[in-house]
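K.L.:
the following block contains a protein sequence and its predicted model.
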Amino acid sequence: MTKGRKNRLTKQRFHDLEEVQTTFLHWFDIDLFRNIKDDVQTALKIAFLRRHLHEHNGGEVDQKFLDKSKSTEFRLKQVLREAPAEIEKILTPLVLVVRNLHNGFHELIPPFSGPIEEHEKSKARARAWKGQH
């Protein structure tokens, strides 16, 4: 791996979902948005942009957010609030993104089956022991 790529993966953050998607697709051929509809992808990207506003701007919309979100529903200096239902709505697709990343890396580097099998045996022994006591 090049020094620049290693630096990107180990020292930089993963807050810009669109950039992360592009990086993993081009570098590893891992599509984080596989089987995720376009409108859901857009909602996830906006959710990450909103998270950034809360972390750095106290939830206040800035020009960068307006430019990146391409949304017309927000105004400059508008303060955003998050409803629990909106947060819950993005959790399932976010799990799919993580699963796509996980599965993509396992395609590149298959896990060793020995340790996994031993762990399963250990769990079975623990369940059996617990059932006897």
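P.N.:
Arrived safely, thanks for sending.
K.L.:
any idea of the pLDDT on His26?
P.N.:
His26 carries a pLDDT value of 93.
K.L.:
now do the buried residues in the helix or strand containing it.
P.N.:
Element membership for His26, per DSSP states H and E: helix 17-28. Neighbour counts over helix 17-28 (16 or more other C-beta atoms under 10 Å) mark 17, 20-21, 23-24 as buried. Placement of C-beta: from N, CA and C, glycine included.
K.L.:
and if you look at stretch 63-80?
P.N.:
65-66, 68-69, 74.
K.L.:
so what does whichever strand or helix holds His54 touch, helix or strand wise?
P.N.:
His54 is part of helix 38-57, with elements assigned from DSSP H and E. Identification of packing neighbours for helix 38-57 by 3 or more C-beta pairs under 8 Å, 6 or more residues apart in numbering; DSSP states H and E yields helix 17-28, helix 63-69, helix 84-108.
K.L.:
now those in JSON lines, with distance to Gln78?
P.N.:
JSON lines is the format used below for those (distance: least, C-beta to C-beta, whole Å):
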{"stretch": "helix 17-28", "distance to Gln78": "21"}
{"stretch": "helix 63-69", "distance to Gln78": "10"}
{"stretch": "helix 84-108", "distance to Gln78": "16"}
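K.L.:
out of those, the one nearest Asn35 is which?
P.N.:
helix 84-108 (7.0 Å; C-beta to C-beta).
K.L.:
for the closest residue to Arg51 other than its chain neighbours, helix, strand, or coil?
P.N.:
Nearest non-adjacent residue to Arg51, counting by C-beta to C-beta, 6 or more residues apart in numbering: His15, 7.3 Å away. Secondary structure for His15, judged by DSSP: H, G, I helix; E, B strand; the rest coil, is coil.
K.L.:
can you offset everything so residue one is 50?
P.N.:
I'll keep to 50 as the first residue from here, and by that count the last item is His64.
K.L.:
my guess is His64 meets Arg99, correct?
P.N.:
No: in this structure, His64 is not within contact of Arg99 by C-beta atoms under 8 Å, at 11.3 Å.
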